[in-house]
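This is a predicted model, with the sequence first.
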Amino acid sequence: MSSSLFDLGNKVAIVTGAGRGIGKAIALGLADAGADVVVCARTAADIEATADEVKAKGRKALAVPTDVRAGDQVSNLVEKSVAKFGRIDILVNNAGGSFIADTMDLSEGGWDAIVRENLKSVFLCSKAVGKVMIDQKEGNIVSIASVAGITGYSLNAPYGAAKAGIINFTKTLAVELAPYNIRVNAIAPGVIASGGLLQLLSMEPGQASEKGESLPLSVPLGRCGQPEDITGGVIYLVSDASSYVTGQTLIIDGGLTTKLVI
């Protein structure tokens, strides 16, 4: 297979939640594949650092502090991206978050906060960028879901429900945007040793290699995934290598969801 199938030269990508973890790894991976990258998150210092690393790879970068839960800020992100680069070829909806809580103890506000951060943000960004892509008559959208949206996820009901919503929304949007040559797919990661997971488990980021090794006891490949393990899937889904793939969810979980737990 020709490596040109994965070439993203002269493409422009937006990656949300790109200040750290999976989002940062995706942004840098897209730059390695040839794309110029707009990075956004709420913490300016984090995305500025990511943007600097993208530039160090010889690609152009733009850092736009953005709360993707707010429609006006998403509109500002898209406007600045188009003003800088003239187009948007790729959107990666990565931003999200969660906290552990038993469903019976979860407040209404807690439910709304998690669904807003993980699902509403995908809707807002996909709609805003989708309009640009419709005018272009091409584009690729990839949303980061989770295996929590495929199977039961105790102590994190709103997160699982939101990620399941992303998977369904991906299918619907893929059908709606197909006439405009826009493909829409999702990725469902499993246990990934990123800052978000470590924080959820009350770990310090520096302890990832030590404590992270005890997490994947039920993962067939015998290890936690790393943020970089998601990058290849994203590049595949936004490149010509997957030109006939849309409305799908690619599971990247080390085989976790292939096992029957009794």
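On my side now, so go ahead.

CA only for contacts and neighbour counts going forward, please
Fine.

Where does pLDDT dip in the stretch 51-200 of the chain?
195-200 (pLDDT under 70).

in it, which spans are strands?
61-65, 90-93, 139-144, 182-189 (DSSP state E, counting those that start in this stretch).

can those go into a markdown table with extra columns for mean neighbour count and distance to residue 75?
Formatted as a markdown table, the strands of the stretch 51-200 of the chain follow (neighbours: other C-alpha atoms under 10 Å; distance: least, C-alpha to C-alpha, whole Å):
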| stretch | mean neighbour count | distance to residue 75 |
| --- | --- | --- |
| strand 61-65 | 24 | 11 |
| strand 90-93 | 27 | 14 |
| strand 139-144 | 27 | 17 |
| strand 182-189 | 26 | 20 |
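
among the ones you listed, which is nearest residue 103?
Closest approach to residue 103 among those (C-alpha to C-alpha): strand 182-189, 22.5 Å.

circling back to that earlier point, columns distance to residue 42 on top of the strands of the stretch 51-200 of the chain, output as JSON lines?
Converted to JSON lines, those look like this (distance: least, C-alpha to C-alpha, whole Å):
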{"stretch": "strand 61-65", "distance to residue 42": "5"}
{"stretch": "strand 90-93", "distance to residue 42": "14"}
{"stretch": "strand 139-144", "distance to residue 42": "18"}
{"stretch": "strand 182-189", "distance to residue 42": "23"}
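
Quick check: which of these is nearest to residue 12?
Using C-alpha to C-alpha, those put strand 90-93 closest to residue 12, at 6.2 Å.

ok, and what's touching that closest one?
Contacts with strand 90-93, where a contact means C-alpha atoms under 8 Å, 6 or more residues apart in numbering, come from 11-17, 121-122, 125-126, 129, 139-144, 238.
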